[in-house]
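Novice: Dropping a prediction and its sequence here:
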Amino acid sequence: MDLQGETMAGESSSSSRWRYNSPLVQVTLIGLVCFCCPGMFNALTGMGGGGQVDHTAVNNANTALYTTFAVFGVLGGGIYNVLGPRATLSAGCSTYVLYAGSFLYYNHFHHQLFAIFAGALLGVGAGLLWAGQGAIMTSYPPSNRKGTFISLFWSIFNMGGVIGGLIPFILNYHSTAASVNDGTYIGFMIFMSIGTVLALTILHPSRVIRDDGSRCTNIKYSSVVVEAIEIVKLFLNWRMLLIFPAAWASNFFYNYQFNNVNGVLFNLRTRGLNNVFYWGAQMIGSAMIGYVMDFSCKSRRTRGLVGIGIVGLLGTAIWSGGLVNQLKYTRHDKLKLLDFKDSGSDFAGPFVLYFAYGLLDAMFQSMVYWVIGALADDSETLSRYTGFYKGVQSAGAAVAWQIDVHNVPFLFQLISNWVMTTISYPLLALLVMLAVKDEAPIETESPKEVTHRPSIPASPNVSRAQGHFRAYD
């Protein structure tokens, strides 16, 4: 009898993971939203110059994008807490469609103003989307599986970059033009529109129930005053100050990698193919570091330090390889563009390096998200923390895109990226040592205790809280 009760409880727990209001399903859904919107955006920018021969338009558009993103990234957590996920996420996703459309317009008229305006508006939308995404990804999972959920999200999200990389590769395979064709931008817009609609399926945190019966929050909506005060406090929070260098560095290198490695060394169709492997490498990297952060050691604090150490060592090796490659050319050299059909080390070396850059990016950002997620468990706090992270990240990116506009030497850009990421490792390690606590040991229950305990009702609107059941609308 006891064994039967235990078996039934185990089956119920397993099946409950695929409830619509379970963390697993909701994190998967936000991954699909980001697959369609930021994933396709990454594929678009990853081509170098947004698929245009002249990088000026995309550099200026992305400067506007990351400038407004820096502001609304910080504000995004508060807005998410006030408006809830559906309004916040769907509004944010819609701006991605306009951005891709602006380059379709640019393909015909070559006027920058629309692209710059669309970039600025996308910065607002991206701030809303990523603050909500960060809150969902870091607060919904149980504390001992945050690395696993982060890698799950990162893999789904970056599959968008993989599929998005195939779009320009296939549509421009036989093209001899310097810029991508209209169908490439239309393909991106279709995916982004699907993501905008899919964002409406995300549940409010108060309706999401973990497998142990706990909720991600008991607060349905916050207030503007509360969120304004909490956002100001972020800039005085020593935890956020230690994260600041990692946040600043975490998107700074995109401009260098996309424009000045992929965009300078390879021809148009090969850039699309390279992005398939760049974003595919991100899926591998996030899975690797997610496993380390969740399963490498018993102590959560130790897992965090081990993960930071691994990313630091790998980063040093990859940036060293980047230095060797960068010493072979400068901004003023006339280079023969490499094609994927080329044989020998001329193509293989830069290709493997670009793949390694993607691997490192995912490991670095997943590591930082894990550290942020280890600082709290509730959705309200983590939406603000991740919003701060995205805001600072975007401020750094805005500076990076303007650095390229002003023709700063490639070697200086590489060294700057290497130094900034390296500085962040000891500061993150210090944060883990000071602020990350080990999980409380989980008390095991005998089969008899399990069978005598009331089971959690199957209804998604009912949860077990504080020893009794509460109904939510």
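Specialist: Great, that's in hand. Numbers count the residues shown, from 1 in each chain.

Novice: For the stretch 151-300 of the chain, give me the ranges with low pLDDT.
Specialist: Scanning the stretch 151-300 of the chain for pLDDT under 70 picks out the ranges 175-180, 218-221.

Novice: swap the cut-off to 90 and go again
Specialist: Of all residues in the stretch 151-300 of the chain, those with pLDDT under 90 make up the ranges 160-185, 187, 204-228, 231, 255, 258-259, 263, 267-273, 275-276, 295-298.

Novice: All the strands of it, in order from the start?
Specialist: For the stretch 151-300 of the chain, no strands are identified by DSSP state E, counting those that start in this stretch.

Novice: Correct me if wrong: Leu314 contacts Leu360.
Specialist: Yes - contact criterion Cβ atoms under 8 Å: Leu314 and Leu360 qualify, at 6.2 Å. (C-beta placed from N, C-alpha, C; glycine too.)

Novice: Pick out whichever of these two has more residues nearby.
Specialist: Leu360 (23 against 18; other Cβ atoms under 10 Å).

Novice: show me what contacts that one?
Specialist: Leu360 sits next to Gly285, Val311, Leu314, Gly315, Ile318 when contact means Cβ atoms under 8 Å, 6 or more residues apart in numbering.

Novice: do Phe347 as well
Specialist: Counting by Cβ under 8 Å, 6+ apart, Phe347 touches Leu338, Asp339, Phe340.

Novice: Can you say which helix or strand has it in it?
Specialist: Assigned by DSSP states H and E, Phe347 belongs to helix 345-373.

Novice: who does the helix or strand following that helix touch, helix- and strand-wise?
Specialist: Going down the chain from helix 345-373, the next helix or strand is helix 379-405, by DSSP H and E. In terms of contacts (3 or more Cβ pairs under 8 Å, 6 or more residues apart in numbering; DSSP states H and E), helix 379-405 is packed against helix 56-83, helix 112-139, helix 224-234, helix 238-249, helix 253-257, helix 345-373, helix 410-435.

Novice: mind running it again at 10 Å?
Specialist: The helices and strands touching helix 379-405, judged by 3 or more Cβ pairs under 10 Å, 6 or more residues apart in numbering; DSSP states H and E, are helix 56-83, helix 85-109, helix 112-139, helix 224-234, helix 238-249, helix 253-257, helix 345-373, helix 410-435.

Novice: quick revisit: can you add pLDDT and give the contacts of Phe347 back as TSV?
Specialist: Formatted as TSV, the contacts of Phe347 follow (pLDDT from 0 to 100):
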residue	pLDDT
Leu338	91
Asp339	89
Phe340	88
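
Novice: Now, of those residues, which are buried?
Specialist: Leu338 (16 or more other Cβ atoms under 10 Å).

Novice: Leu428: which of the contacts of Phe347 is nearest?
Specialist: Leu338 (35.7 Å; Cβ to Cβ).

Novice: List phi and psi for that closest one.
Specialist: phi -80, psi 140 (degrees, to the nearest 10).

Novice: these two touch, right, it and Leu265?
Specialist: Yes - Leu338 lies in contact with Leu265 (Cβ atoms under 10 Å); the separation is 5.6 Å.

Novice: For Ser155, see how far away the residue lying closest to Val82 once chain neighbours are set aside is.
Specialist: Nearest residue to Val82 in three dimensions, chain neighbours excluded: Ser222, at 5.4 Å (Cβ to Cβ, 6 or more residues apart in numbering). The gap separating Ser222 from Ser155 is 31 Å, by Cβ to Cβ, to the nearest Å.

Novice: Surely Ile194 and Cys37 touch.
Specialist: Yes - at 9.0 Å, Ile194 counts as touching Cys37 under the criterion of Cβ under 10 Å.

Novice: neighbour-wise, which of those two wins?
Specialist: Between Ile194 and Cys37, counted using other Cβ under 10 Å, the more crowded position is Cys37 (35 against 18).

Novice: and the more buried one, what does it touch?
Specialist: Counting by Cβ atoms under 10 Å, 6 or more residues apart in numbering, Cys37 makes contact with 89, 92-97, 99-100, 122, 125-126, 129, 133, 157, 160, 188, 191-196, 198-199.

Novice: let's go with 6 Å and repeat that
Specialist: Applying Cβ atoms under 6 Å, 6 or more residues apart in numbering to Cys37 gives the contacts Cys93, Tyr96, Met192, Gly195.

Novice: likewise Leu129?
Specialist: Per Cβ under 6 Å, 6+ apart, neighbours of Leu129: Leu89, Gly92.

Novice: Could you report the neighbour count for Pro205?
Specialist: Here the number of neighbours of Pro205 (other Cβ under 10 Å) works out to 27.
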